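Visitor: Dropping the sequence and predicted coords here.
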Amino acid sequence: MNDTNMRLNAPMGLLLNRNEQVEFLFEGQRYQGYAGDCIASALLANDQWLMSRSFKYHRPRGPLTMAGQDANTLVQLGGDPNALADRTAIAPNMQIEGQNYNGTLDKDRDAILGNFGRFMPVGFYYRSFFKPMGVWDKWEGYIREKAGLGKLDLNFTPEYYDKKYLFTDVMVVGSGPAGLSAALKAADGGAKVLLVEEMPLMGGALAYNRFDIEGITADRLRAELIAKVEEHDNITVMVDTVCNAWFTDNYLPLIQGKRLFKVRAKECIIASGAYEQHVVFRNNDLPGVVMCSAATRMMKLYAIKPGESSVVLTGNDDGYLTALELSDQGVNVKAVVDMREGVATPELIDALSERDITLHQGYTVYEALAEKGNKRIKGVDVRKITAKGEVGNASRIIDCDLLCMSAGYMPAYQLLCQAGAQLSYADELAEFTLSKLPEHLHIAGSVNGIHQLDSVVADGQRAAQLALNNLNLSDELPGKVSCRVKPNFDWPIFSHPKGKDFVDFDEDLQAKDIVNATRLGYRDVQLVKRFSTVGMGPSQGRHSALPTARLVANSTDRTVTETGVTTARPPFAPEKLAHIAGRIFDPYRRTPMHHRHLELGAKMIPAGNWRRPAFYGDPNKRDACIHAESVHVRNKVGLIDVSTLGGIELKGPDAAEFMNRIYTFAFLKQPVGKTRYAVYTNEHGVVIDDGVACRIAEDHFYVTATTSGVDRVYRDMTKWNTQWRLDVDILNVTSAYCAVNLAGPDARKVLEKLVTGTDLSTEGFPFLAYGEADVAGIPARLLRVGFVGELGYEIHVPSRYGEALWDLLMEAGEAFDIKPFGVETQRLLRLEKGHVIVSQDTDGMSHPGELSMNWAVNRKKPFFVGCRSVDIVMAQPQTRKLVGFALPAESKKPEEGHLVLEGDGITGNVTSCEYSPAMKKIVGLAFAGINSSEPGDNISIRVDGQIVEAEVVSLPFYDPNNARQEM
Amino acid sequence: MPFSLLKYGLNKDYPFEQHADLPKPTVLKSHYDVVIIGGGGHGVATAYYLAKYHGINNVAILEKSYLGGGNTARNTAVIRSNYLTSEGVKFYSESVKLFKELSNEFDFNIMYSQRGQLTLAHTDAAVRGFRQRAEVNKHFGGKTELIDPQQIRELVPTLNMNPADMPVLAGLWHMDGATARHDAVAWGYAKGATQRGVELHQLTEVTDVIVEQGKVTGVKTNRGNVSCGCVVQAVAGHSSLLAAKAGFKMPITTFPLQAMVTQPVKPFLDPLVSSPSLHCYVQQTGRGELVFGGGSDPYPLYSTRSTMDLKESLLANAVELFPFMANMRLMRQWAGLTDITSDYSPIMGLSPVDNYYLDAGWGTWGFKSTPICGKSMAEMVASGGKVPELIKPFSMDRFNSFRQVNEMGATAASH
């Protein structure tokens, strides 16, 4: 199709580059537009008005606002559903489809649903489809299939999106006359200004609306203001950028292209303008029925001649100016229908008569007449308004292919209401106004109810003055600005007995639907919304909020202010998840030895925010690998990276006292150079974490914590000390240190090759000893610990030495056949020793008594966190206990999480269970009822539906006298 | 087309006033046998069961805003019973059973939709926890299984099995998992209750609770004082504030919980999918929108503001789970207030004030418990304070006696 007949000459078409043609596909057919066209304008240029089908009745829909404020132009771009055709620029070979039809966009079989509208009253789905019982299951699929709009491409792979932070003194949202003058005033006053404009060009309404009879003011003022803004060093302009929300303290997300800017603005001025409102009458949704501003946008921005013959329906003087603009561009304006009587400015009336445009005052369009299939307007039925919402019987039919309407304006209140501003309705103005703005947020222009151009400019300056005063850049009193016109018509709602008089185009809701919702008892506007779904569609009530408030107020005998509108929530305009998600990258923490693990063929698994080796070797042979590794540690020597363990440094005169209050054990008399087991209970007496406390000096402790628990422990410690005020510094040094555990009968021999100046013998550095040592030149903290039950050393060194330490130990251990082992092997080894892993073998209720940890709780000291609760629960009869159990090797192996049963009741669950190569049987830990928790008792474990009887045995399973770890 | 729609279509001036679901506002009387504070799902359900099963209808529901306007309006409508403790599973299973029949009981379609809920495990700790939950559920007759990655692929072919570098190791497949039109649940109960004589007073805020000699005797409201025989408080998000007016403390901390919804697209996702490790869950509503939720905000607050941070982390993880969702458009973000107890179980039953009954501490599980909680509370009120066996474990006193019902881990981001 070609692209000539509909285009107007320059200077119409501000956004177009007529030197560059762009070809694209719509519904499989090839079209041409110009660079700068949006999809809608390019289609209109080809006389293609039908762009989508409506949500419920599948009515044909075309552009309504040309500004992305409605859902009438939602199209499918490949796998990208619900794209706004009037805001999305065309691109070469772009493939565009209509949405929500059965058949084709042109011939939608579901359009028949419109004829059954009377059988689908508001909320009909609440009243039907469920009798008899069970039938809903069948209806549901059908109804779901009919719902939804576009289709998502399930194979789409995300593209690159990213984010950036920005900071500014003043952010101005909207570059209309108010925004431009606000930006200039603020910048002149010395503030750094960020001016954000949603459209590709600055100027707001100056770019498309007509403000005077001659049609010269807007262009002149726009050029003047933009020139000043562009040469001002203090102003940064971002066009094609949407400020999509207001978050606390002027935290403002901007979306531009594929980037999300997160702005912190000291002051913010919202000059977001107002949405022109529609008139409610029958068939007000036909393609060809548009807002006045949509028609002027078509002409001035895209050089589209919106029709051959037009009627303008208005409730204000702006409609007259639109008629003049249409007439100037060669559209035959057959009539201006003014719903008001005797209010219009005389000069405008004269201007119409000069152009032979008929004027009907006190009339309205009662019904738009449609071509076959409702695909375009072909005329209007004009009638005299006899009372509020009522018309006479005498009808005058006027043929036209375009109807432009303006019932007034609704402030673009979204960002302001997100900031807590209040909307109230001024009855005399028939308009919502905003008040109670938070500090550092200002409002200017038509969003502030100021509509005359000179006042709008002054209002921008007034808002900027307030911002400058807040920034201490000025202390002048801002001027007072008032508005002398009333652009809103009081009751632009003309219900038709046959309906299709739409209040909400997104959701196909008619005037009676709103009224009926209130008659059914849903009187609160929030309930009306929820019951009728008004305002819930993609345009989020931009046009439905005002008529809904009026209808509900009228029907429930309340004021419009009392009725209000539903809450505005972020985002301002629909935003792609991709924008919010940003770059898809998933940082996780690596230990300094990470590369060594990969080289050694480790199977890595998540551990908190870290990745750790589970074991080394064939990832599909888990059991074989961990069994071999465990046997190796028991017989020779193994090395495990334990860098992920938390490390907390406590230093100060009160360090020991602090330790004593946090952990359950006694720490005041812990000797320097010794380690001690540390259990942390919360205020409920529940075991939350454990670790090893090393006393480095009288006033200095180094405590380890579990990998996933350290952040919480550290947070709790700092929290408690804000109450206790002890003289101790607390530092989370987890990432400052890395650590390995060298374990096995040959561990000492390996370490002796590297350590100088420290006697590592049993006497010189016994079990539970702590010391600082020189490991081949690396300063190290040595802990003799026994988690895996063999002679072992935890070696903590500053992180930068991690890889070197690993290499040194592997090299020194070569003669002793040293092998690395992973965290799964470590879990098996400690299980053989009956050691508990907090969070695996404990749950949110486990107190020390249940875990047989009484030995680690000092009941003589006056206090520790959880002390009171531990005392109370320990005094109560116990109901369960963590026990060791054993099963023959050939038995069915219980899995962790399987239940322990007693009769019909659940008494506990398996927390750990593995085959133990050292014991040659299956061993495990489980919570068991207190009556079957003694060695020799039996517990019943349900394993995949079968009961397995296991014997409770005493712990540890392996090396009961702990001789091996104390060598 | 169902017959019932024909009926409406052929009636010229439907709706007749007798079709109204909710009556017009009436005057507030000076006395009621029962005052229910809070016109959310729980409050109206309690009133409904009181009127229907116990013949008690001199009842006023006092709602400071509009019917179901608190967390009933803000939750993400997940119904499930795959909890961890015996007490929890028994309780929520009863709720699921009641939910299934509500449409027909109300003569009002709540659009109950059994889709199944899939919870993903990315760590072996999660696998252990899920296995235990599956076992406990099965023990009480629930349909919950631990399933492997292959089964997950078959259930949700569009799922990324290695989201955020956290491979999916297993899933908890809860076949009873469902969703329903959350508002309709409150409306259905309100309709049934008011038809039986219960009065629903919206825009009626309780400003104080009148307690005399340890016993509640009435409440003060913005529309005047009301005396009453007993009070049920069901004000999720504000439980401890109201309790303070009655003169006692509750072991509750209140956190905002945010959720968000996209524009509608044609259906492609049946089960409810959640990943506790990624703090994200998603379901597609009957309208075709995707609803996302995550964990509660990290700090306590009595405000329903939305935040950028939560939206960013939640949607980043959503896109990890389903990369193609990057193309979806978000339409709305909102928040509710969750009253969290230290054991992540609710508080139902008696309070330190006589005749003052508690329905509180619902954290993120309020909606799914609506029917059974209402039924149990009504039973308790009707019996003059005899606590039904099913809810005995959830008494507030459990925090004094250290008999908590630990559901930690069965809740985070799997509402």
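Guide: In hand now; what should we look at? Numbering: from 1, shown residues only, chains lettered A, B, ... in the order given.

Visitor: And the helices in the stretch 351-500 of chain A, which stretches?
Guide: Under the criterion DSSP state H, counting those that start in this stretch, the stretch 351-500 of chain A contains helices at A:414-418, A:453-470.

Visitor: helices or strands up against the last one?
Guide: On a contact count with 3 or more CB pairs under 8 Å, 6 or more residues apart in numbering or on different chains; DSSP states H and E, helix A:453-470 meets strand A:162-173, helix A:177-188, helix A:217-231, strand A:259-270, strand A:441-443. Where you see a C-beta, it was placed from the backbone N, CA and C, and this is true even at glycine.

Visitor: any idea which of those is most buried?
Guide: With neighbours taken as mean count of other CB atoms under 10 Å in any protein chain shown, the helices and strands packed on helix A:453-470 reach their highest mean count in helix A:177-188, at a mean of 29.

Visitor: For chain A, what's the nearest residue on the stretch 151-300 of chain B?
Guide: B:G288 (2.8 Å; CB to the nearest CB).

Visitor: tell me the secondary structure for that residue?
Guide: Per DSSP: H, G, I helix; E, B strand; the rest coil, the secondary structure class of B:G288 is coil.

Visitor: ditto for B:R131
Guide: helix.

Visitor: Next, the contact list for it, please.
Guide: Counting by CB atoms under 8 Å, 6 or more residues apart in numbering or on different chains, B:R131 touches A:E895, A:E896, A:G897, A:H898, B:L146.

Visitor: One more pass at 6 Å, please.
Guide: The contact partners of B:R131, by CB atoms under 6 Å, 6 or more residues apart in numbering or on different chains, come to A:E895, A:G897, B:L146.

Visitor: Which residue comes closest to it once chain neighbours are left out?
Guide: The shortest distance from B:R131 to any non-neighbouring residue, by CB to CB, 6 or more residues apart in numbering or on different chains, is to A:G897 (2.9 Å).

Visitor: again with A:G176
Guide: Leaving aside its sequence neighbours, A:G176 sits nearest to A:G204 (CB to CB, 6+ apart; 2.3 Å).

Visitor: From the structure, what's the count of residues near the one you found?
Guide: By the criterion of other CB atoms under 10 Å in any protein chain shown, A:G204 has 26 neighbours.

Visitor: Helices along chain B, start to end?
Guide: For chain B, the helices defined by DSSP state H occupy B:3-10, B:41-54, B:71-74, B:86-106, B:124-139, B:149-155, B:182-195, B:239-246, B:308-321, B:366-382, B:398-401.

Visitor: What about A:E890, how many residues nearby?
Guide: A:E890 has 8 neighbours, counted by other CB under 10 Å.

Visitor: Please apply the same query to B:N137.
Guide: 25.

Visitor: ok, now which ones touch it?
Guide: By CB under 6 Å, 6+ apart, the residues touching B:N137 are B:N82, B:V89, B:T144.

Visitor: Make CSV from those and add distance to A:R18 and neighbour count to it.
Guide: Output for these, formatted as CSV (distance: CB to CB, whole Å; neighbours: other CB atoms under 10 Å in any protein chain shown):
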residue, distance to A:R18, neighbour count
B:N82, 63, 26
B:V89, 70, 25
B:T144, 65, 27
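
Visitor: For the residues you listed, give me CSV that also has pLDDT and distance to B:P271.
Guide: Conversion of the contacts of B:N137 to CSV gives the following (pLDDT from 0 to 100; distance: CB to CB, whole Å):
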residue, pLDDT, distance to B:P271
B:N82, 89, 13
B:V89, 93, 20
B:T144, 95, 13
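
Visitor: Quick check: of the residues you listed, which lies closest to chain A?
Guide: Distances from chain A to the contacts of B:N137, taken by CB to the nearest CB, are shortest for B:V89, at 9.6 Å.

Visitor: how far away is that closest one from B:Q117?
Guide: Distance of B:V89 to B:Q117, computed by CB to CB, to the nearest Å: 14 Å.

Visitor: A:R18 too?
Guide: A:R18 sits 56 Å away from B:Q117, going by CB to CB.

Visitor: Neighbour count: those two, which is higher?
Guide: B:Q117 (27 against 14).

Visitor: so who does the more buried one touch?
Guide: B:R80, B:H174, B:G177, B:L272.

Visitor: Now the buried members of these.
Guide: Burial by neighbour count, 16 or more other CB atoms under 10 Å in any protein chain shown: within these this picks out B:R80, B:H174, B:G177, B:L272.
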